[in-house]
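> no sequence on this one, just coordinates:
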DNA sequence: TTACACTAATCAATCGTTTGATTAATTTTG
DNA sequence: CAAAATTAATCAAACGATTGATTAGTGTAA
């Protein structure tokens, strides 16, 4: 069946996503990926053309799902700007845990100075999400809800930077927070509530008049 | 002269620091590093034993200088907790620009899940810096200067995370901020003042009663 | 001479990729 | 329908290139 093929490709992508995010692009060999996925090495090239093609496919699979999640939020006129921010924080707090291995991979690659198209694609993708945030913040200012002198780009850097710091340096954040960042239950019961609550308080204090 | 040897080693370390931070450990080949440094490939092993030894040496050279910078701050009783925080932010804002290529390398390596001793050493080193911040924040609470329900680990994550986000993903932050993050003059005249001012305002709103 | 600094050449290992052969599945043909 | 032809999926083996590392030898200064 065709279904099996898709499942198999998907399985390879799952494994590749994990291995890439652990070892980085250069550190993850095709032998390791194929080995962990339980498929023949040649299948990677058969399906994805090349190692870079596989890497790209890992991202492209996710990009679509990220695309239109946020767009509805910014254009909803019935909510106050701050309520939108709270919704945004809620969503982003959930994304932290669900896709933390992909998020790690994403920002790892963004940090590299590869001349690839990939880097540009990723940047544009992220900028779309960021644009929604910008819109919410600007609307909040013009509506008189937020202070006029808030630093929008920096707020965005804080929002994503705080999250990245926690999930990208688990050794540090585990020691800081007092529980294991890599443990799924701890993430669900401790990290998610904590980061949501903190971020709301932090931004409430900074943004609201 | 022995001086020449030291200068040469130092030159190699400078180059290695930059190349490692650009390409990552696995992506940076010894041929590339030696080529950019203008030395024979074998000199890397001659001086540093191995590629990993070179990598380690890049860090060890910096670690010492980071060690005792912050310690004086926490134990100065004459300053208020908030003044200490401001001093901390000033210092950290300067560090952003001066060592941004090393900082990138540092957190790149911290993100990797290598079982190395290096990762543990780096974590311990960073935790020492973090401990000073923790002390300032705790003292501020007991002194009645800061709110009692502030989330100390999260504040630290925000402080370092915001900085890391900006310097580790220059493609994103350049687009966000509207100027080139990699341009030294822009960093000096724009980024440094902006990040200092923002971080003070942000934390003032969140920390102070 | 002796110890050190340095180089070109070379090493085995591993890299990503390609190959030719084999099997499984599908389509076409009689 | 059944046989033949075609395509897709999979594999072990090997490819050339590159990796980090080592060697044997050259030059140099004390």
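The structure has been received and is ready for your questions. Just so it is clear, the model here is predicted, and its values are computed rather than measured.

> any idea which helix or strand comes after the helix or strand of chain A with the lowest mean pLDDT?
Sorting the helices and strands of chain A by mean pLDDT, DSSP states H and E puts helix A:71-74 at the bottom, at a mean of 66. Counting by DSSP states H and E, the next helix or strand C-terminal to helix A:71-74 is helix A:81-98.

> mind checking the backbone torsions on residue A:147?
Phi and psi for residue A:147, reported as degrees, to the nearest 10, are phi -60, psi 160.

> How about the contacts made by the nearest residue to it once chain neighbours are set aside?
Spatial nearest neighbour of residue A:147, chain neighbours left out: residue A:209 (5.6 Å); criterion: C-beta to C-beta, 6 or more residues apart in numbering or on different chains. Glycine gets a C-beta too; all of them are placed from N, C-alpha and C. By C-beta atoms under 8 Å, 6 or more residues apart in numbering or on different chains, residue A:209 lies in contact with A:144-147.

> Would you mind measuring from residue A:209 to DNA strand D?
55 Å (C-beta to the nearest atom of the strand, to the nearest Å).

> Tell me, what's the model's pLDDT at that residue?
In this prediction, residue A:209 carries a pLDDT score of 90.

> thinking again about what came up before, from the contacts of residue A:209, pick the one nearest DNA strand C.
Taking C-beta to the nearest atom of the strand as the measure, DNA strand C lies nearest residue A:146 of the contacts of residue A:209, at 47.6 Å.

> count of neighbours near residue A:91?
When neighbours are counted by other C-beta atoms under 10 Å in any protein chain shown, residue A:91 registers 14.

> got it, and residue A:77?
By the criterion of other C-beta under 10 Å, residue A:77 has 5 neighbours.

> How about residue A:59?
For residue A:59, using other C-beta under 10 Å, the count is 19.

> Okay, and residue A:137 sits in which element?
Residue A:137 belongs to helix A:117-142 when assigned by DSSP H and E.

> Report the buried residues of that helix.
Neighbour-count burial for helix A:117-142, counted by 16 or more other C-beta atoms under 10 Å in any protein chain shown, picks out A:118-119, A:122-123, A:125-126, A:129-130, A:132-137, A:139-141.

> Residue A:11: what's its closest spatial neighbour, skipping adjacent residues?
Nearest non-adjacent residue to residue A:11, counting by C-beta to C-beta, 6+ apart: residue A:37, 6.2 Å away.

> again with residue A:63
residue A:125 (5.5 Å).

> pretty sure that neighbour is touching residue A:109, no?
No. The pair residue A:125 / residue A:109 is not scored as a contact, 11.7 Å apart, by C-beta atoms under 8 Å.

> hmm, back to that, check the offset of the helix or strand following the helix holding residue A:137 from the chain's centre.
The first helix or strand that comes after helix A:117-142 along the chain, using DSSP H and E, is helix A:152-168. How far helix A:152-168 lies from its chain's middle: 11 Å, per C-alpha atoms, centre = their mean, to the nearest Å.

> Say whether chain B is contacted by helix A:152-168.
Yes. Using C-beta under 8 Å from any C-beta of the partner chain, helix A:152-168 comes into contact with chain B via A:153-154, A:156-158, A:160-166, A:168.

> Of those, which is the nearest to residue B:173?
residue A:157 (6.6 Å; C-beta to C-beta).

> That closest one contacts residue B:164, correct?
No. Between residue A:157 and residue B:164 there is no contact, the gap being 9.4 Å when judged by C-beta under 8 Å.

> Run a quick neighbour tally on residue A:149.
By other C-beta under 10 Å, 8 other residues sit near residue A:149.

> before we move on, back to that, I'd like the distance from the residue nearest to residue A:147 to chain B, if you could.
Taking C-beta to the nearest C-beta, to the nearest Å as the measure, residue A:209 falls 11 Å from chain B.

> What distance do you get for that residue to residue B:112?
Separation of residue A:209 from residue B:112 (C-beta to C-beta, to the nearest Å) stands at 43 Å.

> Report the mean per-residue pLDDT for stretch A:39-52.
Stretch A:39-52 comes out with an average pLDDT of 93.

> thinking again about what came up before, against which helices or strands is the helix holding residue A:137 packed?
Counting contacts by 3 or more C-beta pairs under 8 Å, 6 or more residues apart in numbering or on different chains; DSSP states H and E, helix A:117-142 packs against helix A:51-67, helix A:71-74, helix A:81-98, helix A:100-111, helix A:152-168, helix B:170-177.

> Run the chain-centre distance for that helix.
For helix A:117-142, the distance to the chain centre is 13 Å (C-alpha atoms, centre = their mean).
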